[in-house]
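Chemist: Sequence and predicted structure, then a few things I'm wondering about:
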Amino acid sequence: MECPYVTDGYRNNLSYQQCLMSMFQLHNETVNIWTHFLPAVLCLPLAWYDITVSVPGIHGNRADYVTMAIFHLSCLIIFWASVYFHVFNAQGCRCVYEQCLGVDLWGIGVATCCYAVVYINYAFCCSLWWQIFYLSWIGCLITWYSVIWLHPRMVSSWLPMERRLLAYAPLFVVLMGALFLHPLILNRHWPNNLAQIFALHWMQPFAILVFGVVVFSLKIPERWWPGLFNIWGHSHQWWHIIIVVLQLFLRRGTINSIQMELHTMC
Ligand SMILES: [Zn+2]
């Protein structure tokens, strides 16, 4: 759907094949496509490197291999879902547009849940019970996301986009708040303020995410100069780049957590 500050460069009424071919043409979605297509492709060699070099290099255990694999799976989901949306959303029908957007939002939701799984493995490494408790909640959330965004009956006429966003946002905020605050209390016995240091490591990507959401929702910079950033530099492109930076910080958070050998603090 059109943004009032991006005044030109839209594709419309394209077939599936034309949408695919439009990846190689210049329009206002080209940068959106490529800023996530390239990371989606580069994710695989990076995943291979982390599993074969990074994790063994810092003496990771079996759980560390699994969490690293989950992390890279989340990257693949979020990038490919986004590529799918930006390539195929130009078919001229609102219902197809919303289906593509549903895939994109599902990707963001499910990938965020997978990052939470990685975090839970370390934040609650001293309590199997709390790990199971929070992982069960994440499992429910992923199922819920998948139903409200991907189930064919969830068409926009039956349940509008805005109401679907409201259907999970409060639950998501409460769960993320609990995931951040609870380990600070649970792990307060860790020496050398390790619980706080650990929380700070994981707060960095969260701060980047908040910055990205501000840029995205305020439509910076195109709101100040409508029409000037139609092809290059509008807020959605910055949002994509911020998402890529966010993944790099999450990867660093995962590696730092492995290096801290938190399971030895229990
Ligand atoms: Zn996007």
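Modeler: Structure received. Remember, predicted model here, so these are calculated numbers, not experimental data. Residues are numbered from 1 along each chain as shown.
Chemist: from here on, contacts and neighbour counts on C-alpha atoms
Modeler: Noted.
Chemist: now the helices for the stretch 1-150 of the chain?
Modeler: Ranges of helices in the stretch 1-150 of the chain, per DSSP state H, counting those that start in this stretch, are 16-21, 30-49, 55-57, 62-88, 94-123, 128-150.
Chemist: among the ones you listed, which is nearest Y5?
Modeler: Shortest distance between Y5 and those, using Cα to Cα, is found for helix 30-49: 16.1 Å.
Chemist: Closest to the centroid, which residue in the chain?
Modeler: I108 (4.2 Å; Cα atoms, centre = their mean).
Chemist: wait, isn't it in contact with I78?
Modeler: Yes. Contact status for I108 versus I78: in contact at 5.4 Å, counting by Cα atoms under 8 Å.
Chemist: ok, back up a step: save the helices of the stretch 1-150 of the chain as TSV, and put in distance to N187 too.
Modeler: Output for the helices of the stretch 1-150 of the chain, formatted as TSV (distance: least, Cα to Cα, whole Å):
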stretch	distance to N187
helix 16-21	50
helix 30-49	30
helix 55-57	24
helix 62-88	19
helix 94-123	8
helix 128-150	12
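Chemist: Same list as before, those helices that is, but in TSV and with mean pLDDT included.
Modeler: Below are the helices of the stretch 1-150 of the chain laid out as TSV (pLDDT from 0 to 100):
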stretch	mean pLDDT
helix 16-21	93
helix 30-49	97
helix 55-57	96
helix 62-88	96
helix 94-123	90
helix 128-150	91
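Chemist: For L181, find the nearest of these.
Modeler: The nearest among those, by Cα to Cα, is helix 94-123 at 10.3 Å.
Chemist: Minimum distance to L218: which of the helices of the stretch 1-150 of the chain has it?
Modeler: Here helix 30-49 is closest among those (Cα to Cα), at 17.5 Å.
Chemist: buried residues in that closest one?
Modeler: Going by neighbour count (16 or more other Cα atoms under 10 Å), the buried part of helix 30-49 is 30-37, 39-40, 43, 47.
Chemist: With just CA atoms, put it into CSV.
Modeler: Only the C-alpha atoms of helix 30-49 are listed here, as CSV (Å, rounded to 0.1, in the frame of the first residue of the first chain):
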residue,chain,number,x,y,z
THR,A,30,14.3,-2.5,-5.0
VAL,A,31,16.5,-1.5,-2.0
ASN,A,32,13.9,-3.1,0.4
ILE,A,33,14.3,-6.4,-1.5
TRP,A,34,18.0,-6.5,-1.7
THR,A,35,18.7,-5.2,1.8
HIS,A,36,17.2,-8.5,3.0
PHE,A,37,17.9,-10.8,0.1
LEU,A,38,21.7,-10.4,0.4
PRO,A,39,21.7,-11.1,4.2
ALA,A,40,19.3,-14.0,3.6
VAL,A,41,21.9,-15.6,1.3
LEU,A,42,24.9,-14.6,3.4
CYS,A,43,23.3,-16.1,6.5
LEU,A,44,24.1,-19.7,5.4
PRO,A,45,27.9,-19.3,5.2
LEU,A,46,27.8,-17.4,8.5
ALA,A,47,25.8,-20.1,10.1
TRP,A,48,28.3,-22.7,8.8
TYR,A,49,31.2,-20.6,10.2
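Chemist: can you list the residues that contact it?
Modeler: Contacts of helix 30-49 with the rest of the structure, by Cα atoms under 8 Å, 6 or more residues apart in numbering, involve 22-24, 68-69, 72, 75-76, 79-80, 82-83, 86-87, 231-232, 236-237, 240-241, 244.
Chemist: Any quick PyMOL command for the buried ones out of those?
Modeler: Typed into PyMOL, the line below selects the buried ones among the contacts of helix 30-49, using 16+ other Cα under 10 Å:
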select buried, resi 22+23+68+69+72+75+76+79+80+82+83+86+87+231+232+236+237+240+241+244
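Chemist: okay, now the nearest residue to L228 once chain neighbours are set aside: neighbour count?
Modeler: Nearest non-adjacent residue to L228, counting by Cα to Cα, 6 or more residues apart in numbering: E222, 6.8 Å away. Residues contacting E222 under the criterion other Cα atoms under 10 Å number 21.
Chemist: Fine by me, we can end here.
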